[in-house]
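> no FASTA, just this:
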């Protein structure tokens, strides 16, 4: 009669072996890429640049918070599109309840957009 605990531990041993092999493969591939890559140090490689333009001034500069908020608003409305698409493909199955629920969802997002607009967050300059 097989011990159920040993079957349980054997399944974890299989997972452990695969995790160990994956780390070994990862390390081996890193080692191979390090050994085969060309190594030609040049002063221009270590110079900081932005889009091919040489830097001017100091490295430290403050950025305005409104760009961060603008990006968060973009992500929020991008996620909205991710939720609306599956709903639109199954609209017949959800019926009126799904329609009302989506109008509430869009309404809450529109309230957030109006709030951000009134606070002046959407002004880019």
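Arrived safely. Owing to the predicted nature of the structure, the values given are computational and were not obtained by experimental measurement. Numbers count the residues shown, from 1 in each chain.

> I'd like the distance between residue 36 and residue 24.
Here the criterion is Cβ to Cβ, to the nearest Å. By it, residue 36 lies 19 Å from residue 24. C-beta: built from backbone N, CA, C; applies to glycine.

> roughly how far apart are the one residue sitting closest to the centre of the chain and residue 69?
The residue lying closest to the centre of the chain (Cα atoms, centre = their mean) is residue 75, at 10.2 Å. In this view, residue 75 and residue 69 are 11 Å apart by Cβ to Cβ.

> what does residue 99 give?
For residue 99, the distance to residue 69 - Cβ to Cβ - is 31 Å.

> what's the helix of greatest length in the chain packed up against?
In the chain, assigned by DSSP state H, the helix with the most residues is helix 4-36. Using 3 or more Cβ pairs under 8 Å, 6 or more residues apart in numbering; DSSP states H and E, no helix or strand is in contact with helix 4-36.

> for residue 98, helix, strand, or coil?
Under DSSP: H, G, I helix; E, B strand; the rest coil, the three-state class of residue 98 is helix.

> Looks like it contacts residue 91 (just checking).
Yes: between residue 98 and residue 91 there is a contact under Cβ atoms under 8 Å: 6.6 Å.

> Specify which residue of the two has the higher count of neighbours.
residue 98 (15 against 11; other Cβ atoms under 10 Å).

> what sits against that one?
Contacts here follow Cβ atoms under 8 Å, 6 or more residues apart in numbering; on that basis residue 98 touches 87, 90, 91.

> Distance check, it against residue 118.
Residue 98 is 30 Å from residue 118, by Cβ to Cβ.
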